[in-house]
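Peer 1: Take this sequence and fold it.
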Amino acid sequence: QVQLVESGGGLVQPGGSLRLSCAVSGRTFSSYAMGWFRQAPGKEREFVAAIDWTGFRTYADSVKGRFTISRDNPKNAVFLQITSLKPEDTAVYYCAKGRTEYVSGGFDYWGQGTQVTVSS
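Peer 2: Numbering: from 1, shown residues only. Now for the predicted structure:
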């Protein structure tokens, strides 16, 4: 059974930064794509960023240039560095494991989420 546990969320002022972490159980972490999604109050969950097994990265247009996804395969972890935060970035952020090594395969396991609130 795969488990994903996010951490690093919190309350931050506009323009601030956060680093979200996701710890993943399982022996074949490096073989799968990983992603981050978010869900704001009253809205559907949306894609934020993903990284495949080669390290190729994909981003939503709304976060390009501000968010950076990375992975540490020996530590079974994936990260989301968030900078220049805006109030509209406020959401619960979820880590997700890919079904395959590529992002196009979709995602099959999800964490419980970590809250990010951007407010002055």
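Peer 1: my read: Gln81 touches Phe67, true?
Peer 2: Yes: contact between Gln81 and Phe67 holds when scored by C-beta atoms under 8 Å: they sit 6.8 Å apart. (Glycine included, C-beta is placed from N, CA and C.)
Peer 1: And the two? Which one has more around it.
Peer 2: Set side by side, Gln81 and Phe67 show more neighbours around Phe67, with 21 against 15, by other C-beta atoms under 10 Å.
Peer 1: Identify the bridge partners of the more buried one.
Peer 2: For Phe67, the beta-bridge partners under DSSP bridges are Ile82.
Peer 1: if I look at the closest residue to Thr117 other than its chain neighbours, how far off is Phe56?
Peer 2: Among residues not flanking Thr117 along the chain, Leu11 sits closest, at 4.8 Å (C-beta to C-beta, 6 or more residues apart in numbering). For Leu11, the distance to Phe56 equals 33 Å [C-beta to C-beta, to the nearest Å].
Peer 1: Quick check, central residue of the protein?
Peer 2: Trp36 (2.5 Å; C-alpha atoms, centre = their mean).
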